[in-house]
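Engineer: for reference, the sequence and a predicted model appear below.
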Amino acid sequence: MSRSPRIVVIGGVAGGASAAARARRLSEDASIVLFERGPYVSFANCGLPYHIGGVIQERGRLLVQTPESLNARFDIDVRVNTEVVSIDTKAKTVLARNLKTGKEICEPYDALVLSPGAEAIRPGIPGAQNPKIFTLRNMGDMDAILAAVSKDGVGRALVVGAGFIGLELAEQLHHRGLPVSLVEKLPHVLGVADIEMTFPLHEELTRQGVDLRLGRSVAAFEEEGELLVAVLDNGERIRCDLAVMSVGVKPETRLAREAGLALGSTGGILVDDQMRTSDPAIFAVGDAVETKDFVSGDPVLIPLAGPANRQGRIAAEVILGRNSSYKATQGTSICKVFDLSFAMTGLSEVMLSRKAIPYRRIYVHPADHATYYPGAHPITLKLLFDPKNGRILGAQAVGVAGVDKRIDVIAVALRAGLTVHDLEDLELCYAPPFGSAKDAVNMAGFVASNVIRGDTELWEPEELATLGENQLLLDVRTFQENGHGSIPGAICTPVDELRDRLEDLPREKELLVFCQVGLRGYIAGRLLSQHGFRVRNLSGGYRRYAMWKGTHTVPLACEAAMQHEDGE
């Protein structure tokens, strides 16, 4: 462009505001106009549930930038309460309407950035338009929910949908002192996660007093006097004073569609790796766009703030002549559920199976820091990897502490193309209050590498359904641990007594060994295989079995002490 470019951005928050600010940092000459349909141009939408719960007490702290601050610092012409109603791609103009005055203006552009975001899904069920039913996507939604829960006499809240926002809302409404029912149509919370990894969250929600209804959906809403009644698909009725629908979002693509821009197979706006749409003068970023999954390369919709920020930055750089590109999305995310955290990166086992991508899985349950230092808590870490070359495909972790940094490390390793063998060699921070000499990430690398090298063979809980007479379940924990619960049919021979009791074990049978978290089972497997036994170990041990069964028979508080028995 020979003259100063005219850049128009539609939509603020993460993607649009980032694009506008980056464009100004690269060019003092550019004309930059940002249209925002709502009254707030840049706010922390991830913080909305926490203001409802009172954790973030000052509402103003959620306002990252205001029209005034963006104009003062970046000389951006911000027009809030103004909706872009159409795009003329031939004339390169947008028609915008001031929602307060109704006045319309036509704004020209050389480059246009679409950041319309995503809208909350409201299922078309009877009674869903009741004013006591809310969604949460913006500051106005937050204010409405906060006003409702602050009324005298409000007794019970219902959250429909147990994704990230639904879980955070359930926690924060509970934090305000409201009894909360949480309804989820899947058999587990967090649909992006693998089912066994969510059972600690189920326990935590129940322990905190949340009325958790899994495998159920709301068929209709009715009114019963002053109360709202959710009628579930099995006929059960939940009475509440308000409900929040959190069943997912869909990309806002009306403007793009009406402008003739191509949409992808997922329904999001189709963009290339430079965030350019099918019209070379128009870019799109954020929750409305279809990107590539980093692991599979398949098209995907992943509405996360981090990717949206980076996409906005890249669009601005390309507009102003830089050769920048977006390098796919991993879906790295984390959620706080009362005293637990769940985090993940890459693909889940469910998605790998659905895409027919070969994989192996291992589980480890190390403590978040050295067990001899007070306050250690277990982390359950699942690692998914290519069975041939050890390429990392995904990871999930749940625990009280240290979950975020372990998944962050693995997310970087995945992004860098590292393998499970590289995880063995990672040199990570160690001091007793912070970690262990062999970190949880290292431990996952050790176990996965042992599988690939053939140092250990694994068995899975699903095999119990077809257990044959030529197989024997062998519990190598202590008799005391065995007495607290074991896999039905198993015999107990503690690992420290194995060498003295080899003659008691049937050599004609395959031994399926397990311990509490996997390490003693591995040691037993190495010992027994070198004495001529056919043996496989249960990755993740009895705790993994308990997760698979859908219940924890060992309290979380006991895990760190047992972890010390399995070695640090």
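Structural biologist: Yes, it's here. Since the model is a prediction, treat every value here as computed from it, not as a measurement.
Engineer: use CA for all of it now, contacts and neighbours both
Structural biologist: Fine.
Engineer: surely residue 40 and residue 80 touch.
Structural biologist: Yes: look at residue 40 against residue 80 with C-alpha atoms under 8 Å: they come within range, at 6.7 Å.
Engineer: what sits in contact with each of the two?
Structural biologist: Each of residue 67 lies in contact with both residue 40 and residue 80 under the rule C-alpha atoms under 8 Å, 6 or more residues apart in numbering.
Engineer: where in the stretch 301-450 of the chain is pLDDT low?
Structural biologist: Applying pLDDT under 70 to the stretch 301-450 of the chain flags no residue at all.
Engineer: quick one, helices of it?
Structural biologist: Ranges of helices in the stretch 301-450 of the chain, per DSSP state H, counting those that start in this stretch, are 305-319, 349-354, 403-415, 420-425, 440-453.
Engineer: any idea which of these gets closest to residue 31?
Structural biologist: helix 305-319 (12.5 Å; C-alpha to C-alpha).
Engineer: show me what that closest one is packed against.
Structural biologist: helix 13-26 (3 or more C-alpha pairs under 8 Å, 6 or more residues apart in numbering; DSSP states H and E).
Engineer: any idea which helix or strand comes after the helix it packs on?
Structural biologist: strand 31-35 (DSSP states H and E).
Engineer: contacts for that following strand?
Structural biologist: 4-12, 16-17, 20, 23-24, 75-80, 82-84.
Engineer: tell me what the helix or strand just after that strand is packed against?
Structural biologist: Later in the chain than strand 31-35, the nearest helix or strand by DSSP H and E is strand 42-43. Where contact means 3+ C-alpha pairs under 8 Å, 6+ apart, strand 42-43 is packed against helix 13-26, strand 63-65.
Engineer: which of those sits closest to residue 294?
Structural biologist: Evaluated with C-alpha to C-alpha, those place helix 13-26 nearest to residue 294, the distance being 19.6 Å.
Engineer: what's in contact with the closest one?
Structural biologist: Contacts of helix 13-26 (C-alpha under 8 Å, 6+ apart): 9-11, 30, 32, 34, 41-44, 70, 74-76, 113-115, 285-286, 305, 308-317, 320.
Engineer: count of neighbours near the closest residue to residue 524 other than its chain neighbours?
Structural biologist: Once flanking residues are discounted, residue 524 sits nearest to residue 495: 5.9 Å by C-alpha to C-alpha, 6 or more residues apart in numbering. Other residues near residue 495 come to 21 when the count uses other C-alpha atoms under 10 Å.
Engineer: what pLDDT does residue 495 get?
Structural biologist: Looking at residue 495, its pLDDT is 97.
Engineer: how near is it to residue 530?
Structural biologist: Residue 495 sits 14 Å away from residue 530, going by C-alpha to C-alpha, to the nearest Å.
Engineer: of all the helices and strands packed on strand 42-43, which one is nearest residue 469?
Structural biologist: helix 13-26 (59.5 Å).
Engineer: mind listing what's buried in that closest one?
Structural biologist: 13-24 (16 or more other C-alpha atoms under 10 Å).
Engineer: quick check, nearest of those to residue 483?
Structural biologist: residue 14 (53.6 Å).
Engineer: that closest one and residue 83, how far apart?
Structural biologist: 18 Å.
Engineer: could you do residue 519 as well?
Structural biologist: Residue 519 is 59 Å from residue 83, by C-alpha to C-alpha.
Engineer: more neighbours: those two, which one.
Structural biologist: Between residue 519 and residue 83, counted using other C-alpha under 10 Å, residue 519 has the larger neighbour count: 26 against 19.
Engineer: quick one, phi/psi of the more buried one?
Structural biologist: Per-residue torsions, residue 519: phi -70, psi -50 (degrees, to the nearest 10).
Engineer: distance of it from residue 457?
Structural biologist: 13 Å.
Engineer: over to residue 507?
Structural biologist: For residue 507, the distance to residue 457 equals 17 Å [C-alpha to C-alpha].
Engineer: between these two, which one's more packed in?
Structural biologist: The neighbour count for residue 507 versus residue 457, taken as other C-alpha under 10 Å, is higher for residue 457 (19 against 14).
Engineer: skip the chain neighbours and tell me the closest residue to the more buried one.
Structural biologist: Nearest to residue 457 is residue 536, by C-alpha to C-alpha, 6+ apart, at 4.7 Å.
Engineer: just the residues contacting stretch 220-231, thanks.
Structural biologist: The contact list for stretch 220-231 (C-alpha under 8 Å, 6+ apart) reads 125-128, 130, 132, 218-219, 232, 237-242.
Engineer: which parts of that stretch are buried?
Structural biologist: Going by 16+ other C-alpha under 10 Å, stretch 220-231 has these buried residues: 220-222, 227-231.
Engineer: partner residues bridging residue 300?
Structural biologist: On the basis of DSSP bridges, residue 300 is bridged to residue 291.
Engineer: how about residue 182?
Structural biologist: The partner residues for residue 182, given DSSP bridges, come to residue 159, residue 212.
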